[in-house]
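**Q** here's a sequence, model it:
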Amino acid sequence: MGARFGVSQAAISAAIRRGRIKWERPNQAEGRAVPWHPIRKEHRDQYLIRMLRVNHRRQQGLPSAAVLEAMLDNFLADAQARDFVVTYDPDTEQGFFRVSRRPGVDRGLVRDPSVDDRGWPTQRPK
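**A** Predicted structure coming up:
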């Protein structure tokens, strides 16, 4: 980019950091595959988060490897049969867990961390 506009890479990086240049990724959908941030390094490649990401790509109409698509089909069938959603606890070794779906609250594959068991917004600690 720097060569195209006749400026240094440092100038481009500084403009991005200051917010003068927006980094757009047109192949990514509005929203995210997972609501948790940050994900600890040791949890980033686990099976459950990979399935959430592959499902997100499928919903956007983006291709994934055939083996991941097959794994996702099995995962979705299992999620429907066992009626679970995925949650994340960064303070555990496992990180991601299957938990029972809360009727009327959990609508997708992810347990929404911003609502309680009644579907009411959780209050953030001050």
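
**Q** thinking Gly75 is in contact with Met51, fair?
**A** Small correction: residue 75 is Phe, not Gly. Yes. Counting by C-beta atoms under 8 Å, Met51 is a contact partner of Phe75 at 4.4 Å. The C-beta positions use only the backbone N, C-alpha and C, and glycine is treated the same way.

**Q** for Pro121, grab the count of nearby residues.
**A** Using other C-beta atoms under 10 Å, Pro121 has 9 neighbouring residues.

**Q** that one: what's it in contact with?
**A** By C-beta atoms under 8 Å, 6 or more residues apart in numbering, the residues touching Pro121 are 114-115.

**Q** can you pull the phi/psi pair for it?
**A** Main-chain torsions, Pro121, degrees, to the nearest 10: phi -60, psi 140.

**Q** with Arg98 instead?
**A** phi -90, psi 130.

**Q** and it, how many neighbours does it have?
**A** 15.

**Q** name all residues that make contact with it.
**A** Counting by C-beta under 8 Å, 6+ apart, Arg98 has contacts 48, 79, 82, 84-86.

**Q** in strands only, show me those residues.
**A** Of the positions in the contacts of Arg98, 84-86 sit in strands, assigned by DSSP state E.

**Q** okay, the residues you listed in CSV with pLDDT next?
**A** Formatted as CSV, the ones in strands among the contacts of Arg98 follow (pLDDT from 0 to 100):
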residue, pLDDT
Phe84, 97
Val85, 96
Val86, 97
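
**Q** just send those back as a markdown table, with distance to Ala10 too.
**A** Converted to a markdown table, the ones in strands among the contacts of Arg98 look like this (distance: C-beta to C-beta, whole Å):
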| residue | distance to Ala10 |
| --- | --- |
| Phe84 | 48 |
| Val85 | 45 |
| Val86 | 41 |
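
**Q** hmm, back to that, among the contacts of Arg98, which one sits closest to Arg118?
**A** Of all these, Val85 has the smallest distance to Arg118: 16.0 Å, by C-beta to C-beta.

**Q** okay then, goodbye and thanks.
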